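Q: just a sequence and a predicted model for now, questions to come.
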Amino acid sequence: MDAGGLDPSVIPAVKKRHGADLLYTIPSFHNPTGKLMSEDRKRELIQISKQLSLPVIEDDAYGDLQLDGPPSSPLKAMDREGSILYVGTLSKTVSPGLRIGWVAGPEPVIERLADIKMQTDYGSSSLSQWAAAKWLSSGLYDENLSRIKVELRQRRDEALRCLETYCRGIARWEKPSGGFYIWVTFLKPLSLSALFEQALQKNILINPGTLYDKEAKYSIRLSYSYASLTELRYGIQTIAELAGKLM
């Protein structure tokens, strides 16, 4: 990962070093960094995966949650070889409890996955699938999505204002153009475990960067998706104060 998200140029070396058989990626508003992969990088990734005969799983859980800029197309839209397995979900845009998702890919793969799904849990709830189909076909999904994006944009912008107010000089971050997350990296060393514990004592839950990357020793993932504006202000101000004392 770099400033532009996943760097496709490193894939051959990583595949060779780890003996990887597939690539899992979140090109749109990556969790945890919030980064959006550029169209050029998407084309490069597809070309490299083709050269390496490397299957790709594209997780597009946040793809519908673009808040700024022109709409971004998924990797699957550029796939001409059928090497990308596209995964979508309603958990981020409708309800996490609905447990409805979908997969687009080559027919033999889908048939095998469907067989595994049936053996695992006998398939998803028919009632939930019926409700989701009605929701999508009625136009209510688009109406709900528009409301969610207005709310998310407001919360993201407030989180960014608070970061600028309280964390300027002690951390760096980038404005995400969609999704749920802001990746914050502190400019000086500090103990993330101590920050986590002290924040938890004040009813603030943060995700240390080391949960995602052992090298992200001074980074945290901030989520603006569920907290109110008041909670965001309190949380970011408190995190800044605690981090300042730990540096």
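A: Everything's here; your move. Residues are numbered from 1 along each chain as shown.
Q: domains in the protein, as residue ranges please.
A: 8-138, 143-246 (automatic domain parsing).
Q: name the nearest residue to Glu44, sequence neighbours excluded.
A: Counting by Cβ to Cβ, 6 or more residues apart in numbering, Pro8 is the residue found nearest to Glu44 once chain neighbours are left out, at 4.4 Å. Yep, even glycine has a C-beta here, placed from its N, CA and C like the rest.
Q: circling back to that earlier point, which one of the domains of the chain has the lowest average pLDDT?
A: Mean pLDDT values for the domains of the chain show the minimum at domain 8-138, a mean of 91.
Q: what's the end-to-end length of that domain?
A: Taking Cα to Cα, to the nearest Å, the first and last residues of domain 8-138 lie 39 Å apart.
Q: dump the domains of the chain into a markdown table; add mean neighbour count and distance to Asp2 as well.
A: What follows is those, written out as a markdown table (neighbours: other Cβ atoms under 10 Å; distance: least, Cβ to Cβ, whole Å):
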| stretch | mean neighbour count | distance to Asp2 |
| --- | --- | --- |
| domain 8-138 | 16 | 9 |
| domain 143-246 | 17 | 12 |
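Q: dump these to CSV, plus distance to Met1.
A: CSV is the format used below for the domains of the chain (distance: least, Cβ to Cβ, whole Å):
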stretch, distance to Met1
domain 8-138, 6
domain 143-246, 8
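Q: so what's the closest residue to Ser225 other than its chain neighbours up against?
A: Leaving aside its sequence neighbours, Ser225 sits nearest to Phe180 (Cβ to Cβ, 6+ apart; 3.9 Å). Going by Cβ atoms under 8 Å, 6 or more residues apart in numbering, Phe180 touches Phe29, Asn31, Gly34, Tyr62, Leu65, Lys92, Leu152, Ser223, Tyr224, Ser225.
Q: ok, back up a step: what about the residue nearest to Glu44, distance to Leu205?
A: 33 Å (Cβ to Cβ, to the nearest Å).
Q: ditto for Ala114
A: In terms of Cβ to Cβ, Ala114 sits 36 Å off from Leu205.
Q: for Ser91, same thing?
A: From Ser91 to Leu205 the distance is 19 Å (Cβ to Cβ).
Q: repeat that for Met118.
A: To Leu205, Met118 is 36 Å away according to Cβ to Cβ.
Q: kindly report the same for Ser72.
A: Ser72 is 29 Å from Leu205, by Cβ to Cβ.
Q: measure stretch 169-181 end to end?
A: Note: stretch 169-181 ends 21 Å apart using Cα to Cα.
Q: now do stretch 171-181
A: 16 Å.
Q: for Gly88, what are its contacts?
A: Contacts of Gly88 (Cβ under 8 Å, 6+ apart): Asp60, Ala61, Gly63, Gly101, Trp102, Val103, Ala104.
Q: turn the residues you listed into TSV, columns for distance to Ile46 and secondary structure.
A: Converted to TSV, the contacts of Gly88 look like this (distance: Cβ to Cβ, whole Å; DSSP: H, G, I helix; E, B strand; the rest coil):
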residue	distance to Ile46	secondary structure
Asp60	15	coil
Ala61	20	coil
Gly63	16	coil
Gly101	23	strand
Trp102	21	strand
Val103	18	strand
Ala104	15	strand
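Q: redo the residues you listed as TSV? Include distance to Leu190.
A: Formatted as TSV, those follow (distance: Cβ to Cβ, whole Å):
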residue	distance to Leu190
Asp60	34
Ala61	30
Gly63	34
Gly101	38
Trp102	42
Val103	41
Ala104	43
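Q: quick one: which of the residues you listed is nearest to Asp21?
A: Distance to Asp21 across the contacts of Gly88 (Cβ to Cβ) is lowest for Val103, with 18.0 Å.
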